[in-house]
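Asks: 3D model of this:
(chains A and B)
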Amino acid sequence: MLVDFELIQNAQRGDAAAFNQIVSAYRRRILGTISRLIGRPEDVEDVAQEVFIRLFYSLEQLRTAEVFEPWLYRLTVNASYDYLRKNRRRQESRMADLSEQQVMMADAAAGSRAQSDDFERRRVRDTVADLLSSVSEEDRILLTLKEVEGLSLKELERIYHVNENALKVRLFRARQRVLKNMKEVTGSPAKTAPTGEAE
Amino acid sequence: MMSDRLMADWDERESRLDELFRAYVDACPAPEPGANFMPGIWAGIEAREASRNIFGRMAKTLVTAALATSVILMLLVSIDSDRGFSGTFVQALTADNVSQLEPFHLDRISEMEQQ
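Replies: Residues are numbered from 1 along each chain as shown, chains lettered A, B, ... in the order given. Here you go, the predicted model:
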């Protein structure tokens, strides 16, 4: 745990400085998790702020130190889920929607190495987002927490309050759906390889 | 033969998916919080407090109005009942009609029987 339970108790009593310290301790972790859960860097900060506002209002319900982090993850998951649900139909022009030629032209225009890296990252983000679009928002988040964030089944069990076997089944089904969707979304293996290596 | 190829294809997909997930971590690094991150949180909290206060005040006003209406209605009902008859329905009927009814004489019945 990144903060003492005493600090949380102070925040529960309305100490604004203690709450600020909790936010400072966890904000980078929460920003990183949200970034990977929603895949939209431009909206990460807004969702993270929402998480901490929800934390402020629900802090008084917390009784033990052990549940603080799973509970903060739960708030993060819920806020990310709400964001994804709201933005389900949002139409955005993304690199993955461009033709191969346009992608090459965009890549050439990027010029510098840094821009090329940005382009590659964006392509990976878009490919993963498209792959995960074959599953529901809930499963997308669950799969990301397990496969990308690297959370164990025990940790997921504490976040979701669901037993391990049910989680395993849900994860397996979600992964199968993503795998089925893979060829359709990624096309040729050379295009999908995240490091750019051809198969 | 066919199933072997399908299995190999599936395994290849599995490893490609794992590779993509690993690359996704680098593609979505934790962004640095902006200078307005903390003030933004407090602004959000204050905005919610304000809307809570508005709803709270509205709720209080509604409760007060409901209580006042109940008291007025209770007063009206009690005033109305003071003005009216306080006995039972039968007593009220008797009081209303007793003067109009003839006294009941048993001797008249015996006269009628004799006739």
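
Asks: which element follows the host helix or strand of residue A:49 toward the C-terminus?
Replies: Assigned by DSSP states H and E, residue A:49 falls within helix A:44-58. Following helix A:44-58 in sequence order, the next helix or strand is helix A:68-86 (DSSP H and E).

Asks: Tabulate the CA atom coordinates of that next one in CSV.
Replies: This file holds the C-alpha atoms of helix A:68-86, laid out as CSV (Å, rounded to 0.1, in the frame of the first residue of the first chain):
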residue,chain,number,x,y,z
PHE,A,68,-8.4,0.2,0.2
GLU,A,69,-6.5,-0.7,-3.0
PRO,A,70,-9.0,-3.2,-4.4
TRP,A,71,-11.6,-0.7,-3.7
LEU,A,72,-9.8,2.1,-5.5
TYR,A,73,-9.4,-0.3,-8.5
ARG,A,74,-13.1,-0.9,-8.3
LEU,A,75,-13.8,2.8,-8.5
THR,A,76,-11.3,3.0,-11.4
VAL,A,77,-13.0,0.1,-13.2
ASN,A,78,-16.5,1.6,-12.7
ALA,A,79,-15.5,5.1,-13.9
SER,A,80,-13.7,3.6,-17.0
TYR,A,81,-16.8,1.4,-17.7
ASP,A,82,-19.0,4.5,-17.5
TYR,A,83,-16.7,6.4,-19.9
LEU,A,84,-16.6,3.5,-22.4
ARG,A,85,-20.4,3.1,-22.2
LYS,A,86,-20.9,6.8,-22.9
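
Asks: Do I have it right that residue B:44 meets residue A:48?
Replies: No: under the criterion of Cβ atoms under 8 Å, residue B:44 is not in contact with residue A:48, lying 11.1 Å apart. C-beta: built from backbone N, CA, C; applies to glycine.

Asks: Mind checking which of those two has more residues around it?
Replies: Counted by other Cβ atoms under 10 Å in any protein chain shown, residue B:44 and residue A:48 do not tie: residue A:48 has more neighbours, with 30 against 17.

Asks: got a list of what the more buried one touches?
Replies: Residues near residue A:48 by Cβ atoms under 8 Å, 6 or more residues apart in numbering or on different chains: A:27, A:30, A:31, A:34, B:33, B:37.
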